[in-house]
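Visitor: only geometry, no sequence info:
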Ligand SMILES: [Zn+2]
C-alpha cells in the first residue's frame with residue numbers, strides 16, 4: 001500500500017495525458033529547430049500533408065474511372081457476327097434472341113401440336129432454330145449461347161412442340177372380322193381375346209396414340225363356306241324348319257324307314273307340349289337345332305331381343321331332351337355381320353341352304369321332289385319344312401327325295417355330320433355346341 005502511494009506522487013496529472021507523447025512533443029521540436037531545415041524535415045512524414053492527401057485521392061479516383069471505364073467499355077464492346085450470311089454488329093455476350101431482334105431476321109415459329117399431330121396453337125412451338133458455325137444448336141444450347149465475335153449464325157424456322165402427355169395402359173376389345181366369302185354354312189372360326197396396349201394420351205387434346213402392345217388383341221373371326229366333303233364321303237343334309245308339329249313324327253318314321261338322318265330347326269314357341277317330339281328327333285339319330293323362339297327376323301332386333309330369341313330356344317331344346325346346341329338357322333335366312341356382332345357369341349354356326357324345296361308354296365309333290373334333288377352336289381343342304389302349315393305334300397315327297405338321293409349314292413346325314421366331313425371346319429363347330437371358350441371374349445363391334 002505504501003509503495004503504490006509513493007509511485008502516485010510521481011505520476012503526471014491526468015490532464016497532461018490527453019494526447020500521446022509524440023504529438024505533445026512535436027511543436028516543441030519544431031520550435032527548437034528554428035528556420036534551419038533539419039534533416040528530419042526532408043524525411044517524408046507519415047500521412048503527408050492535407051493537400052498531398054487530396055491530390056493522391058483525386059489521382060486514384062481518376063485512375064479508377066479510367067480503368068473502370070475501360071473495363072466497362074471492354075465488357076460492353078460490340079463484336080461482329082455473321083447472321084444468315086450478313087455481317088451484324090452486336091453487343092458482346094448477346095443471346096440469340098437479342099441477335100435475332102437486332103438483325104431483323106424473321107424465322108417462322110413452329111406450332112403447338114397434339115400427340116396425334118394436329119395443330120393446337122399456331123406459332124405455339126419454338127421461335128426459331130439456329131446453327132452456329134455449322135452446328136445445329138439444341139434448345140438448351142440456344143438458351144445459353146453468348147456471342148463472342150466472328151460466329152457464323154444461321155437462323156431457321158422454329159420447330160413444332162408436342163403438347164404434354166402421359167402414358168396409359170388400356171384394354172383393347174376384339175372386333176368381329178366378317179367372313180371373306182358367302183356360303184351356306186357360316187361359323188365362328190376364332191373366338192376373341194382382350195388385349196392390353198400402352199397409349200400416349202395428350203393432356204390438352206385428350207388424343208390417344210397407340211403404343212407398345214403388352215397383350216395382343218385377338219379378333220373374333222367368321223368363315224362362310226359351302227360344305228365340300230374331303231374325307232371320301234358323299235353326303236347330303238335334309239333340313240326341316242318351323243316344327244315341331246303334328247307332322248314331325250311322320251317325317252321321323254320315313255327317315256327311319258330309309259336309314260336316313262336329318263336336322264330339325266325347331267321354333268322355341270312350338271316346343272311346349274311337344275317335348276316328346278324333340279326327344280324323338282334325337283332318339284331317331286337326327287339333330288335338333290334352333291330356328292329361334294318366335295321366327296322374328298334377327299337383323300331387325302335390338303341386341304337383347306336378339307340374344308333372347310336365340311338362347312330361349314337353345315334352352316327349350318336342351319330342357320326337352322333334344323341335346324345341347326348352339327346351331328342356328330336364322331328365319332328367312334336373314335343374318336348379317338352386325339347381327340353376329342350383337343349376338344354376344346350365343347350361337348356358333350348359322351346354317352342356310354343350297355337347295356330350297358319351296359314346299360311352303362305348296363307347289364305339288366313333283367315340284368318339291370324336283371326342287372330338292374335337281375342340282376344337288378356332295379355337301380348340299382336342302383331346305384324343307386315340318387311346321388308352319390299343311391305339310392301333306394312334303395310327307396308324300398320325302399320318300400321320293402330320299403330314294404332319289406340314295407340312288408345317286410348320297411348318305412343322308414345331320415348338319416353336324418355334314419360339317420365334320422369338311423376339314424376346313426373346326427371340330428368344335430362340327431360338334432354343334434361350340435361356345436365362347438374360357439379366357440376368350442366376344443367382339444363388341446365389326447372391323448371397319
Ligand atoms: Zn322358318
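Guide: Sure thing, it's come through. Bear in mind that the values here come from a model prediction, so they are computed numbers and not experimental data.
Visitor: make it CA atoms for all contacts and neighbour counts henceforth
Guide: OK.
Visitor: near the ion, which residues of the stretch 51-200 of the chain?
Guide: Not one residue of the stretch 51-200 of the chain sits near the ion, judged by C-alpha under 5 Å from the ion.
Visitor: Where does the stretch 51-200 of the chain get nearest to the ion, residue-wise?
Guide: residue 184 (15.6 Å; C-alpha to the ion).
Visitor: Not counting sequence-adjacent ones, nearest residue to that residue?
Guide: residue 352 (4.8 Å; C-alpha to C-alpha, 6 or more residues apart in numbering).
Visitor: Mind giving me the packing neighbours of the helix or strand hosting residue 418?
Guide: Using DSSP states H and E, the element containing residue 418 is helix 415-420. When contacts are defined as 3 or more C-alpha pairs under 8 Å, 6 or more residues apart in numbering; DSSP states H and E, helix 415-420 sits against strand 235-241, helix 427-430.
Visitor: how much space between residue 349 and residue 290?
Guide: Noted for residue 349: a distance of 11 Å to residue 290, by C-alpha to C-alpha, to the nearest Å.
Visitor: Is it correct that residue 330 is in contact with residue 350?
Guide: Yes: because the distance of 6.9 Å satisfies C-alpha atoms under 8 Å, residue 330 is recorded as touching residue 350.
Visitor: all helices for this protein, in order.
Guide: Secondary structure of the chain (DSSP state H): helices at 2-10, 21-33, 39-42, 50-75, 96-103, 139-144, 248-257, 275-284, 303-319, 337-342, 365-373, 392-407, 415-420, 427-430.
Visitor: what does the stretch 201-350 of the chain put close to the ion?
Guide: For the stretch 201-350 of the chain, the residues in contact with the ion (C-alpha under 5 Å from the ion) are 242, 331.
Visitor: which residues of the stretch 201-350 of the chain score low on pLDDT?
Guide: The stretch 201-350 of the chain contains no residues with pLDDT under 70.
Visitor: Could you find the closest non-adjacent residue to the residue nearest the centre of the chain?
Guide: Against the mean C-alpha coordinate of the chain, by C-alpha atoms, centre = their mean, the closest residue is residue 210 at 4.1 Å. Distances taken as C-alpha to C-alpha, 6+ apart place residue 199 nearest to residue 210, at 4.7 Å, with adjacent residues excluded.
Visitor: Count the neighbours of residue 287 for me.
Guide: 25 (other C-alpha atoms under 10 Å).
Visitor: what sits against residue 406?
Guide: residue 412 (C-alpha atoms under 8 Å, 6 or more residues apart in numbering).
Visitor: swap that for residue 353, please
Guide: Contacts of residue 353 (C-alpha under 8 Å, 6+ apart): 184-185, 380-383.
Visitor: quick one, phi psi at it?
Guide: Main-chain torsions, residue 353, degrees, to the nearest 10: phi -150, psi 160.
Visitor: burial measure for the residue of the stretch 51-200 of the chain closest to the ion, as a count.
Guide: Residues lying near residue 184 (other C-alpha under 10 Å) number 17.
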